[in-house]
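> compute the structure for the input listed below.
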Amino acid sequence: MKARSKVVLGLVAIAALGFAVASTVTAGDTKSDKKGSNVQEMSKGAKMSATTRAIQDLALASQLIRYGRQEKNGESLLLAAQILHKTSTKPLKVAHKATGKEGDKPAKMVKANNSPKALLAEAKKISSGPQLAALAMATEKLLEEDVRGAVGGPKVDNFTIGAFQTINWNPINFRAEERAEVFISTGVNSRMILEIIDENNNVVVRDNVPGNYYHCVWSPRWTGPFRLRLVSNDNLAFNCRLATN
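So this is what the prediction gives:
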């Protein structure tokens, strides 16, 4: 009986292994079919490249800028200036098109200079004290130096969106099993919606929380093209910056 039990258990184990293999193949077939939404739950082992980390740094800089201006905190602006200076970028060679009419009168343009040097000057105006002076001096010295050892970095696109306009970018390929990110900074508070749309016209991720930036993160099931869409629900025009990997 014991020998027979071992045989039965062995057959069960083999059957389970076969089921596991079949499940894996099925999943692979689903990916190859490229049906449904091209998105999956972010795995703990999802690859995070240096470019992805750089995009997160840019997001942190935007948060620091918002907080610094809101709370009149110069230190936050100085830290943001340092991050922006150290983060190397390159142009995004993908065309975009704006649709929608602004009306008879052009919308008022919201101007916000978020360059490192402008943030340094702004920090000195809104705050004072020995700690800020020391950090400002260190930041000023850093801005005089070239960024060392930085190669590549996020792809960026500087653009303007008018009141109640929509901007669509031509499809951009993102790799399977890797962390994909799109980050758009509007410089100041705005009311917009950033959507990522796969080749099957599914919206795989959306950020519609008003603020001074919009950030979408997802993990594609298969390598394929995605369209980026930014919709403005604001009656103002904005100079924006897109960064992606």
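> tell me where the model's unsure across the chain.
In the predicted model, the chain carries pLDDT under 70 at residues 1-32, 43-47, 102-107, 147-152.
> and the strands in it?
90-91, 96-99, 109-110, 155-161, 166-169, 172-174, 180-190, 192-198, 203-207, 211-218, 224-232, 237-244 (DSSP state E).
> roughly how far apart are the nearest residue to Q131 once chain neighbours are set aside and T87?
Nearest residue to Q131 in three dimensions, chain neighbours excluded: E75, at 7.1 Å (C-beta to C-beta, 6 or more residues apart in numbering). C-beta here means a position set from N, CA and C on the backbone, and glycine is covered the same way. E75 sits 19 Å away from T87, going by C-beta to C-beta, to the nearest Å.
> please name the residues that touch the residue nearest to Q131.
G68, A123, S127, Q131, L132, L135 (C-beta atoms under 8 Å, 6 or more residues apart in numbering).
> residues near the third one, how many?
Applying other C-beta atoms under 10 Å, we find 21 residues neighbouring S127.
> count the residues that sit near the nearest residue to it once chain neighbours are set aside.
Spatially, and ignoring its direct neighbours in sequence, S127 is nearest to G74 (2.9 Å; C-beta to C-beta, 6+ apart). By other C-beta under 10 Å, 24 other residues sit near G74.
> my read: E199 touches N38, true?
Yes. If you go by C-beta atoms under 8 Å, E199 and N38 touch, sitting 6.8 Å apart.
> looking at these two, which is more packed in?
Between E199 and N38, counting by other C-beta under 10 Å, N38 is the more crowded of the two (25 against 14).
> so which residues of the protein form helices?
Here the chain has its helices, by DSSP state H, at 2-33, 50-71, 74-86, 116-126, 130-143.
> what is the burial count for N233?
N233: 12 neighbours (other C-beta under 10 Å).
> same deal with V188?
Here the number of neighbours of V188 (other C-beta under 10 Å) works out to 17.
> equivalent analysis for L242, please.
23.
> contacts only, for it.
L92, V156, D157, N158, F159, W169, V182, F183, I184, L228.
> find the nearest non-adjacent residue to the second one, please.
This means V156. That would be T89: by C-beta to C-beta, 6+ apart, it lies 4.5 Å from V156.
> and that neighbour, how close does it get to I55?
10 Å.
> where do the contact lists of those two overlap?
P154, A243.
> out of these two, which sits in the more crowded spot?
I55 (26 against 18).
> would you format the strands of the chain as CSV with distance to A50 included?
Formatted as CSV, the strands of the chain follow (distance: least, C-beta to C-beta, whole Å):
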stretch, distance to A50
strand 90-91, 13
strand 96-99, 25
strand 109-110, 32
strand 155-161, 13
strand 166-169, 23
strand 172-174, 16
strand 180-190, 12
strand 192-198, 22
strand 203-207, 22
strand 211-218, 16
strand 224-232, 21
strand 237-244, 13
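> so which of those gets nearest E145?
E145 lies closest to strand 90-91 among the strands of the chain, at 19.7 Å (C-beta to C-beta).
> distance from the chain centre to the closest one, please.
Relative to its chain's centre, strand 90-91 lies at 15 Å (C-alpha atoms, centre = their mean, to the nearest Å).
> repeat that for stretch 83-92.
Relative to its parent chain, stretch 83-92 has a centroid offset of 13 Å by C-alpha atoms, centre = their mean.
> same check on stretch 141-148?
25 Å.
> ok, now stretch 177-190?
3 Å.
> still on that earlier bit, by neighbours, which of the contacts of E75 wins?
In terms of neighbours by other C-beta under 10 Å, those top out with A123 at 25 neighbours.
> quick one: end-to-end distance for stretch 188-196.
Its first and final residues considered, stretch 188-196 spans 22 Å by C-alpha to C-alpha, to the nearest Å.
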